[in-house]
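Trainee: need a structure here:
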Amino acid sequence: MKRRSFISGILPLGALALTDPGGLYGGTKTGVRKKDLWRVQQFEDSGLAHFSYAILAAGKVILIDPGRNPEAYYRFAEENNVGIAGIIETHPHADFISSHLEIHKKTGATIYTSGLTKPAYSYKAFDEGEVLKLSDNIRLYSLNTPGHSPDSISVVLQVEGKDVAVFSGDSLLIGDVGRPDLREYSGDVQTQRRELAAKMYHTLWNKFDRLADDVVLYPAHGAGSLCGRAMRKAANSTIGYEKQHNYVFEKRPLNHFVDLLLEDLPMIPAYFTYDVALNIKGAPDLREGIAGVEILDDNFIPPKGEIVIDTRPDKLFKSSHIPHAFNIQDGSKFETWLGSVIAPDKKFYLVAADKEALQQAIGKLAKIGYELRIKGAFVYNSVNGVKFPELDMNDFNRDPSKYTIIDVRSPKEFGEGKIFDSAINIPINELLQSVNNIPQDKPVLVSCASGYRSAIGSSILKKYLPSTDVFDLGAEVQKFKQDK
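Mentor: Residues are numbered from 1 along each chain as shown. So this is what the prediction gives:
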């Protein structure tokens with residue numbers, strides 16, 4: 001393989017936007033001592049629905065739950081002419097890789113996390129009863145808030161003895177709480193999940209319920225994250241609002257709460273356990289991780305049998321692609337879908353339409369630590385590749401029973417509204433493991449809600465069912481949904 005590096009600096013990881021923190025500033029009155037000035041800054045990664053934070057106080061910055069790319073945090077500290085003194089990890093994250101270790105190595109900032117985590121890196125335990133004093137009047141204190149994970153903590157900002165804000169990690173979310181099923185252990189997994197859900201019940205009523213109503217709630221995730229299931233689309237809330245409007249604060253017996261929390265949960269992407277382990281270990285520096293990606297010649301042909309991920313739009317893919325490639329299009333949830341379909345023990349080749357798109361795709365995969373899984377990356381612009389067969393819609397409309405229809409939506413989506421009565425439901429994250437269960441006596445048609453997942457599914461089945469005609473219904477599914 002010939003390596004041609006065109007990467008300079010850090011690859012773009014998607015927009016990490018500075019979000020309006022809801023006016024949470026302090027000490028702005030005339031005559032207030034400079035060391036008592038404070039500010040909370042929220043950062044948003046919309047692709048992962050991830051919120052991280054910088055608390056600026058007394059000439060220093062404390063970060064909470066930073067994402068993989070540390071540049072936005074360095075920039076914030078530089079613009080405010082202060083240093084990064086600490087990084088707080090509320091728990092080992094499952095859906096993204098944190099830059100806590102990289103920031104520690106660069107700045108010397110102390111990493112704070114629960115002692116229950118027992119991480120491989122140097123840290124200071126920050127469990128309940130521990131206080132981080134920023135000035136005489138400003139401090140952070142920790143609450144142990146298990147339920148999403150056994151080692152979850154939440155961090156309360158206190159100014160002049162008054163609780164001002166709580167950084168809840170994945171424990172209390174806006175309109176929800178963190179799922180209790182994302183950490184796997186040996187033994188009876190279902191029992192362990194019920195035990196975690198029960199701990200969440202006690203966390204709600206013995207920790208969060210005791211905070212004042214006007215305390216601002218800053219979670220690590222918003223709507224769209226798979227770390228919860230019913231988050232409201234908002235950047236922050238208050239404890240009082242959540243007590244009134246969040247279903248988890250409705251009075252119910254413990255066993256009913258546990259049943260509710262474990263009911264109808266979304267899929268668990270394959271990469272989640274990998275990210276937990278990598279966050280406990282501490283990920284390599286971003287530059288180091290990205291530098292390890294082999295950049296190959298345009299239109300490189302990987303060896304037979306390798307996994308190839310083609311990130312181009314489905315129309316480009318269908319017009320010409322490398323044999324047996326999977327079409328996982330770069331989009332708003334690209335890294336989540338790829339990490340749901342491709343297990344972390346697999347390595348793969350990455351394909352994009354041009355150099356800029358390739359950089360972007362590598363950058364997004366770095367957010368979940370999957371740059372370490374890329375065997376090689378290259379631009380594909382050939383028009384002489386394999387063409388994906390086009391569905392004859394007239395033939396399908398005349399007699400849909402001539403096709404085996406595979407619906408790759410989630411079981412919940414499928415149950416709430418079948419598009420085709422005869423369809424077989426195999427969620428996209430389970431398709432690779434279910435290929436052998438698909439009937440091959442008819443042409444196979446793959447369907448989803450919009451065409452994104454069906455493009456992935458049809459390309460997978462095309463590889464593993466070589467003697468069967470496979471078609472992608474794509475965006476045409478919208479017509480059938482409207483008819484319903």
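
Trainee: just checking, Ser135 touches Lys60?
Mentor: No. Using C-beta atoms under 8 Å, Ser135 is not in contact with Lys60; the gap is 9.2 Å. Bear in mind the C-beta positions are built from the backbone N, C-alpha and C, glycine included.

Trainee: For the chain, give me the ranges with low pLDDT.
Mentor: Residue ranges of the chain with pLDDT under 70: 1-36, 184-186, 481-484.

Trainee: now do 80
Mentor: Filtered on pLDDT under 80, the chain yields the residue ranges 1-36, 184-187, 478-484.

Trainee: Without its sequence neighbours, what residue ends up closest to Gly376?
Mentor: Using C-beta to C-beta, 6 or more residues apart in numbering and skipping residues adjacent in sequence, the residue nearest Gly376 is Glu294, 4.2 Å away.

Trainee: Repeat that for Ala212.
Mentor: Distance criterion C-beta to C-beta, 6+ apart; nearest residue to Ala212, sequence neighbours excluded, is Asp163 at 5.9 Å.

Trainee: So what's the residue count around the one you found?
Mentor: With neighbours defined by other C-beta atoms under 10 Å, the count for Asp163 comes to 17.

Trainee: any idea where the strands of the stretch 101-250 of the chain begin and end?
Mentor: 110-113, 124-125, 131-133, 138-144, 153-159, 162-169, 172-173, 176-177, 216-219, 237-238 (DSSP state E, counting those that start in this stretch).

Trainee: what does the longest one contact?
Mentor: Residues from elsewhere that reach strand 162-169 (C-beta atoms under 8 Å, 6 or more residues apart in numbering): 24, 26, 40, 53, 64-65, 88, 90-91, 143, 145, 148, 152-158, 172, 178, 208, 211-212, 215-220, 239.

Trainee: cutoff 6 Å now
Mentor: 53, 64, 90-91, 152, 154-157, 211-212, 215-220 (C-beta atoms under 6 Å, 6 or more residues apart in numbering).

Trainee: Adjacent strands (with direction) for it?
Mentor: Pairing partners of strand 162-169, with direction, according to DSSP bridges: strand 153-159 (antiparallel), strand 216-219 (parallel).

Trainee: How about the second one?
Mentor: Applying DSSP bridges to the sheet, strand 124-125 is found paired with strand 110-113 (parallel).

Trainee: What residues of the strand it pairs with count as buried?
Mentor: Neighbour counts using 16 or more other C-beta atoms under 10 Å place Thr110, Ile111, Tyr112, Thr113 of strand 110-113 among the buried residues.

Trainee: got JSON lines for the residues you listed, with distance to Asn381 too?
Mentor: Shown next, in JSON lines, are the buried residues of strand 110-113 (distance: C-beta to C-beta, whole Å):
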{"residue": "Thr110", "distance to Asn381": "48"}
{"residue": "Ile111", "distance to Asn381": "44"}
{"residue": "Tyr112", "distance to Asn381": "48"}
{"residue": "Thr113", "distance to Asn381": "46"}
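
Trainee: which SSE is Ile84 in?
Mentor: strand 83-88 (DSSP states H and E).

Trainee: ok, the nearest residue to Gly59 once chain neighbours are set aside - contacts?
Mentor: Once flanking residues are discounted, Gly59 sits nearest to Val82: 5.4 Å by C-beta to C-beta, 6+ apart. By C-beta under 6 Å, 6+ apart, the residues touching Val82 are Gly59, Lys60, Val61.

Trainee: could you pull out the helices for the stretch 51-200 of the chain?
Mentor: Shown for the stretch 51-200 of the chain, the helices assigned by DSSP state H, counting those that start in this stretch span residues 71-79, 100-107, 189-206.

Trainee: which of these is buried the deepest?
Mentor: helix 100-107 (a mean of 20; mean count of other C-beta atoms under 10 Å).

Trainee: The spatially closest residue to Leu445 that is not a sequence neighbour: how many residues sit nearby?
Mentor: In space, and not counting its chain neighbours, Leu445 is closest to Tyr403: 4.4 Å by C-beta to C-beta, 6+ apart. Using other C-beta under 10 Å, Tyr403 is surrounded by 22 other residues.
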